[in-house]
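I'll drop the sequence and a predicted model, then ask my questions.
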Amino acid sequence: MKEVVVLSGKGGTGKTIIVGSLAALAERKVLADCDVDAADLHLLLSPSEKARNEFWSGQVAHIDESGCNECGLCQELCRFNAIKDFRVDAVSCEGCGFCSHVCPTEAITMRDNMAGYWFISDTKYGPLVHARLGIAQENSGKLVAVVRQQAKQIAEEQGFDYIISDGPPGIGCPVISSLSGAALALLVTEPTLSGMHDLERVLGLCRHFGVPAMVCINKHDLNEENTRQIESQCLSQGVEIAGRIPFDNVVTESIVQGVPVVEYTNGNVTREIQRMWHTLSIRLTNGSKG
Amino acid sequence: MIISVASGKGGTGKTLVATSLALSLSGDYKVKLLDCDVEEPNDHVFLKPEITGSKAVSISVPNVDEEKCTYCGKCAEVCAYHAIAVLGKHVLTFPQLCHGCGACCYLCPEKVITEESRETGVVEWGHADAVGFVHGKLTVGEAMAPPIIRKVKEYANNDDTVIIDVPPGTSCPVVEAIKGSDFCILVTEPTPFGLNDLALAVETVRELGVPCGVVLNRAGVGDSKVEEYCEKENIPILLTIPLDMEIARLYSRGITLVDGMPQWKSIFLQLFDKVAEIVDERSRSTKR
């Protein structure tokens, strides 16, 4: 069983469009939406929810007003500026518990925090594990780990060949949690200077964690010169280009219709994504660790 | 006044709006642009600022003097992140897990834990013409963006007009970037993805008590559900930017909208006036 994670660095380059299409093209796979704070994959796959689970993670400090003698020690020691006027700002609190350990009147307790939900759903393309991090919550990396763990368990139980996961933008905590230990990262970029800048950083992250990467250039015809530059930079770093997808308004239309673009049209976009999946599946079979 | 530019969904045009707004205002106001998307900062690609200074950002991680340590285990007991462990006559630290709260150091009964700095990124500042510029960069491989964002935000002061470019999403880095803003511009696109993530972003700014308005980018394709949502939720649509290949090509070459199409400057000034009006009205009503 091989796990492919789709990342991009820069947001909005087309990760979810690609994962939705791979969902329709790949056989015997589990889908995982690791973008737990702005998940969109479900909007293409029409899932029916089979199980909903609470995600408890971290703690938040609580000051019992009747026990507080307003000495101010907690406020002075908190590095996250989470205590003002002897009240805890739950959004700023990082749950370290320092205040609860030092309070001379033991008026501070740590309360467990319900930080979101994770779901197992059925789709016409196979099982989907997805999640919803609560608004303004922390620990997105831990929720990503739960999603991946569940997806892996389903894939093992059913003897599936692939886990295909939709990753979050950026290079921080939830991205690291999505990437580490995957067989292959597919990096979706676009031929814009910012897309190229962000690709460099996420390629660096893949190297840092030893995960092989391939690159997909979305909207490659938006700026052919930039596309050539991405290709030559990838070549010089030994990174294979998995596919080049043209700009086409049918992609937006397919999102509005709520279906993967490869199921919406037979045009160039679909042909290029099909070709890319072929390239990816060969690489997964031959090359990568897994 | 501090205006943050956020979105929920990535790639909707935060950077386009933040850079063009800052440039448009810089003739009349003292403007500072803070790029708080420290995982993937892009404003510098467009503004090409002259960087005049930089400072490493570090978090404090524990350093245990094992010669004096009695291996009592107190540090491990108080660490909420499992970043320090005592195994027999050994203390193990895991600096990547440490949030730098300082509890272990303060609570060590033998006072043998000191804090040392671990660099996780950098803050750089300078200017692009009249725009004051600050951004942060998380070191590749590091997980925690919020400490870098906090450092970038130290350069926000209320005397200037401060524009904050916020990272995508709705979790801790986003909260850290928006917190303390007078207004949040939410940039979205007219698709189900744009709408889904806009609704999450609206919940986030409401949680923070920051008023918001929408910039609808790439209008013309997609559907009208974002407009319907905004009407229902009583959120003003402050500006509509059409889907235009010329705008997309300028963006691809790292050229800001107001540099490439100067007629947009007056439109961004109108956007600012609308924001300023809402902020003024709000501060008057809270004073009453």
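Now that the structure is in, tell me what you want to look at.

quick check: domain ranges of chain A?
A:2-46+A:124-286, A:59-114 (automatic domain parsing).

between those, which one is closest to residue B:132.
Set against residue B:132 and scored by Cβ to Cβ, these come closest in domain A:2-46+A:124-286, at 20.9 Å. The way it works is simple: take the backbone N, C-alpha and C, and place the C-beta from them, glycine included.

can you pull out the helices in the stretch 51-200 of chain A?
Assigned by DSSP state H, counting those that start in this stretch, the stretch 51-200 of chain A shows helices spanning A:73-77, A:98-102, A:140-158, A:173-179, A:193-208.

return the most buried member of those.
helix A:173-179 (a mean of 25; mean count of other Cβ atoms under 10 Å in any protein chain shown).

and it, what other elements does it pack with?
When contacts are defined as 3 or more Cβ pairs under 8 Å, 6 or more residues apart in numbering or on different chains; DSSP states H and E, helix A:173-179 packs onto strand A:2-7, helix A:140-158, helix A:193-208.

so which of the ones you listed comes closest to residue B:179?
helix A:140-158 (17.2 Å).

one step back: could the helices of the stretch 51-200 of chain A be laid out in TSV, adding mean pLDDT?
Converted to TSV, the helices of the stretch 51-200 of chain A look like this (pLDDT from 0 to 100):
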stretch	mean pLDDT
helix A:73-77	97
helix A:98-102	98
helix A:140-158	97
helix A:173-179	96
helix A:193-208	97
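
the closest residue in space to residue A:61 that isn't next to it in sequence bridge partners, please.
In this structure, residue A:61 finds its nearest non-sequential neighbour in residue A:88, 4.8 Å apart by Cβ to Cβ, 6 or more residues apart in numbering or on different chains. Beta-bridge partners for residue A:88, by DSSP bridges, are residue A:83.

what's residue A:195 in contact with, if anything?
Going by Cβ atoms under 8 Å, 6 or more residues apart in numbering or on different chains, residue A:195 touches A:9, A:10, A:13, A:189.

now for the last one, how many residues are close by?
Read it as residue A:189. The tally of other residues near residue A:189 (other Cβ atoms under 10 Å in any protein chain shown) stands at 30.

which residues touch the nearest residue to it once chain neighbours are set aside?
What sits nearest to residue A:189 in space, not counting adjacent residues and going by Cβ to Cβ, 6+ apart, is residue A:199, at 4.3 Å. Shown in contact with residue A:199 (Cβ under 8 Å, 6+ apart): A:8, A:9, A:10, A:187, A:189, A:215, A:230.

can you check residue B:217 too?
By Cβ under 8 Å, 6+ apart, the residues touching residue B:217 are B:12, B:13, B:16, B:17, B:187, B:188, B:189, B:241.

hey, C-alpha coordinates of the one helix or strand it maps to in PDB?
Residue B:217 is part of strand B:212-219 when elements are defined by DSSP states H and E. What follows is strand B:212-219, C-alpha atoms only, in PDB (Å, rounded to 0.1, in the frame of the first residue of the first chain):
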ATOM      1  CA  CYS B 212     -15.200  41.900   8.300                       C
ATOM      2  CA  GLY B 213     -16.100  42.500   4.700                       C
ATOM      3  CA  VAL B 214     -15.600  40.600   1.500                       C
ATOM      4  CA  VAL B 215     -13.600  41.100  -1.700                       C
ATOM      5  CA  LEU B 216     -14.900  38.800  -4.400                       C
ATOM      6  CA  ASN B 217     -12.100  37.900  -6.800                       C
ATOM      7  CA  ARG B 218     -12.400  36.200 -10.200                       C
ATOM      8  CA  ALA B 219     -16.000  37.200 -10.500                       C
END
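
now it: how far from the chain's centre is it?
How far strand B:212-219 lies from its chain's middle: 18 Å, per Cα atoms, centre = their mean, to the nearest Å.

and the helix or strand that that strand is followed by, what does it pack onto?
The helix or strand immediately downstream of strand B:212-219 is helix B:225-233, counting by DSSP H and E. Contacts defined by 3+ Cβ pairs under 8 Å, 6+ apart place helix B:225-233 against helix B:192-207, strand B:212-219.

before we move on, back to that, please identify the most buried of the domains of chain A.
Of the domains of chain A, domain A:2-46+A:124-286 is the most buried (mean count of other Cβ under 10 Å), at a mean of 21.

if we can go back for a sec, got TSV for the domains of chain A, with distance to residue B:230 too?
Below are the domains of chain A laid out as TSV (distance: least, Cβ to Cβ, whole Å):
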stretch	distance to residue B:230
domain A:2-46+A:124-286	17
domain A:59-114	25
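
what's the closest of the ones you listed to residue B:153?
domain A:59-114 (11.4 Å).

just put the contacts of residue A:199 in a markdown table and tack on distance to residue A:57 and pLDDT.
Below are these laid out as a markdown table (distance: Cβ to Cβ, whole Å; pLDDT from 0 to 100):
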| residue | distance to residue A:57 | pLDDT |
| --- | --- | --- |
| A:8 | 26 | 97 |
| A:9 | 26 | 96 |
| A:10 | 28 | 96 |
| A:187 | 28 | 98 |
| A:189 | 32 | 98 |
| A:215 | 33 | 98 |
| A:230 | 38 | 98 |
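
let me see the contact set for the closest residue to residue B:10 other than its chain neighbours.
Leaving aside its sequence neighbours, residue B:10 sits nearest to residue A:11 (Cβ to Cβ, 6+ apart; 1.0 Å). Listed by Cβ under 8 Å, 6+ apart, the contact set of residue A:11 reads A:169, A:170, B:7, B:9, B:10, B:11, B:12, B:40, B:168.

pull the number of nearby residues for the residue nearest to the last one when sequence neighbours are not counted.
The one in question is residue B:168. In space, and not counting its chain neighbours, residue B:168 is closest to residue B:10: 3.6 Å by Cβ to Cβ, 6+ apart. If you count neighbours by other Cβ under 10 Å, residue B:10 ends up with 26.

what separates the closest residue to residue A:3 other than its chain neighbours from chain B, distance-wise?
Residue nearest to residue A:3 in three dimensions, not counting chain neighbours: residue A:163, with 4.1 Å by Cβ to Cβ, 6+ apart. Per Cβ to the nearest Cβ, to the nearest Å, residue A:163 is found 22 Å from chain B.

so where is the stretch 51-200 of chain B shaky, pLDDT-wise?
In the prediction, the stretch 51-200 of chain B carries no residues with pLDDT under 70.

mind running it again at 80?
B:158 (pLDDT under 80).

which stretches in it count as strands?
Assigned by DSSP state E, counting those that start in this stretch, the strands in the stretch 51-200 of chain B fall at B:84-87, B:90-93, B:113-128, B:131-138, B:161-165, B:183-188.
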